[in-house]
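> just the structure for this:
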Amino acid sequence: MFFFHLSPKSLILSLSFLLTCRFAPAQQRAQVAAVGFYNFENLFDTEDDPDKKDEEFTPDGRNRWTQVRYHTKLQQLAQVVSELGTELTPDGLALLGVAEVENRQVLADFALQPKVRDRSYQIIHYDSPDRRGIDVALLYNPKYFTPLHSEAIPAELFESNGDTIYTRDILYVSGILLQDTLHLLVNHWPSRRGGQKASEPGRMAMAMKNKRLSDSLRARNPEANILIMGDLNDDPVNRSVKKVLDATNRPDRVSPKGFFNPMYDLFKQGIGTLAYRDAWSLFDQILVSPGLLSGGDGLWYYSMEIFNPPYLQQQTGDFQGYPLRTYGGGTYLGGYSDHFPVYIYLIRKMTSP
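Numbers count the residues shown, from 1 in each chain. Here you go, the predicted structure:
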């Protein structure tokens, strides 16, 4: 849904009402954790790395990427992240998957920004083989999440002639969130460069890789709590998401090896996270496994948001309402990202003896 303002009191009352209906006569109390994803759109440092195609993001490069511009972007991203999830938890996001970050250092610089510094975000990041050097990563608040295992899962994609496609790995992280085990797969699938149809095989392959990974987790525990998140470069209705991952808009119809996609209905209503040529796309998604839908004693899914307040939008011109990005048409706009962030709430009921 679009971001809208409600007072924290009214949201907490709504949450308490839901808990009362589902778990009466349980106490109206719940632990809450917010989990988000945000494409940071080309968060590069200002140094020229000879092993990456990052020359345009240097002081002498095409974008004139200076320390001032770099630190402005860090401050702006921190402002956004500081507000995500605060309707129900004052600590904001417990977990944040990110895309388009150059290296661990830019994440460390982000975590030290005054707007988010008190959350002590820790970093899980691996360098990927992407030609431009943009990676996925996970930030976590140690107050809420304790990692148990992490690894980069290679994409292993190939051109029709057998050449390797150098793209982002899948980041797999497992850990303890609110006393329950949670598995996360953070993704940034191949772009639509060359057209949606021509580029579709790469995204289909990435979807299949995620399916195999999630199937292997559920083979060990059919009720495993799994979130697949990322910039999928496909919409909820595309085959990679709807068919391969079996992601549906109906939580009551999720198959044992499928997913609930809370973004599906929003996309059908014309709501998105990025826009191109007068059309909205909803590439930024968080898919929820059926283990998080049961409403039992462990973690369960509560709600989702697309965060798009006015300050994240272009206010005038032909692109009014679009995400206010850092660059547009080669011109420095001083914005945030070409994507809106998304997040969900996971809750765990608390009962008194």
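
> spit out the contact partners of Lys73.
Residues in contact with Lys73 (C-beta atoms under 8 Å, 6 or more residues apart in numbering) are Leu43, Thr326, Tyr336. For glycine as for every other residue, the C-beta is placed from the backbone atoms N, C-alpha and C.

> most neighbours among these, which one?
Neighbour counts for these (other C-beta atoms under 10 Å) peak at Leu43, which has 25 neighbours.

> the contacts of Lys73 in helices, which ones?
Counting by DSSP state H, no part of the contacts of Lys73 is found in helices.

> spatially central residue in this structure, please.
In the chain, the residue lying closest to the centroid (C-alpha atoms, centre = their mean) is Phe37, at 1.9 Å.

> Leu93 is in contact with that one, correct?
No. Applying C-beta atoms under 8 Å, one finds Phe37 not in contact with Leu93, separated by 9.7 Å.

> before we move on, the earlier item: of the contacts of Lys73, closest to Arg131?
Lowest distance from Arg131 to the contacts of Lys73 (C-beta to C-beta) belongs to Leu43, with 16.7 Å.

> tell me which element Met204 falls in.
Assessed by DSSP states H and E, Met204 sits inside helix 196-220.

> and that helix, which residues are buried?
Neighbour counts over helix 196-220 (16 or more other C-beta atoms under 10 Å) mark 199-207, 209-211, 213-214, 217-218 as buried.

> least confident secondary structure element in the chain?
helix 8-23 (a mean of 38; mean pLDDT, DSSP states H and E).

> that older thread, for the helix holding Met204, which helices and strands make contact with it?
Under the contact criterion of 3 or more C-beta pairs under 8 Å, 6 or more residues apart in numbering; DSSP states H and E, helix 196-220 touches strand 157-158, strand 170-177, strand 180-188, strand 226-231.

> what residues does the first one touch?
Here strand 157-158 makes contact (C-beta under 8 Å, 6+ apart) with Thr164, Ile165, Thr167, Pro190, Gly202, Ala205, Met206.

> okay, Pro222 and Gln315: tell me how far apart.
49 Å (C-beta to C-beta, to the nearest Å).

> where does pLDDT dip in the stretch 201-350 of the chain?
Of all residues in the stretch 201-350 of the chain, none has pLDDT under 70.

> run through the strands of it in chain order.
For the stretch 201-350 of the chain, applying DSSP state E, counting those that start in this stretch gives strands covering 226-231, 247-248, 259-260, 274-276, 279-281, 284-288, 300-306, 327-328, 331-332, 342-350.

> got JSON lines for those, with mean neighbour count and distance to Ala33 too?
Putting these into JSON lines (neighbours: other C-beta atoms under 10 Å; distance: least, C-beta to C-beta, whole Å) gives the following:
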{"stretch": "strand 226-231", "mean neighbour count": "26", "distance to Ala33": "11"}
{"stretch": "strand 247-248", "mean neighbour count": "21", "distance to Ala33": "22"}
{"stretch": "strand 259-260", "mean neighbour count": "24", "distance to Ala33": "18"}
{"stretch": "strand 274-276", "mean neighbour count": "17", "distance to Ala33": "26"}
{"stretch": "strand 279-281", "mean neighbour count": "15", "distance to Ala33": "28"}
{"stretch": "strand 284-288", "mean neighbour count": "26", "distance to Ala33": "13"}
{"stretch": "strand 300-306", "mean neighbour count": "20", "distance to Ala33": "10"}
{"stretch": "strand 327-328", "mean neighbour count": "17", "distance to Ala33": "34"}
{"stretch": "strand 331-332", "mean neighbour count": "11", "distance to Ala33": "36"}
{"stretch": "strand 342-350", "mean neighbour count": "21", "distance to Ala33": "5"}
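
> wait, which of those strands is closest to Leu178?
Of all the strands of the stretch 201-350 of the chain, strand 342-350 comes closest under C-beta to C-beta, at 4.5 Å.

> the nearest residue to Leu213 once chain neighbours are set aside: neighbour count?
Excluding its sequence neighbours, the residue lying closest to Leu213 (C-beta to C-beta, 6 or more residues apart in numbering) is Leu185, at 6.1 Å. By other C-beta under 10 Å, 22 other residues sit near Leu185.

> just use 893 as the starting number from now, easier for me
Understood, numbering begins at 893; the last thing we discussed is Leu1077.

> give the contact list for Leu1077.
Ile1062, Leu1063, Tyr1064, Asn1102, Leu1105, Ser1106, Ile1118, Leu1119, Ile1120, Met1121, Gly1122.

> give me the neighbour count for the residue lying closest to the last one once chain neighbours are set aside.
Read it as Gly1122. Excluding the flanking residues, the one nearest Gly1122 by C-beta to C-beta, 6+ apart is Asn1079, at 3.1 Å. Counted with other C-beta under 10 Å, the neighbours of Asn1079 add up to 27.

> next up, phi/psi of Asp943, please.
When read as degrees, to the nearest 10, the backbone of Asp943 gives phi -90, psi 0.
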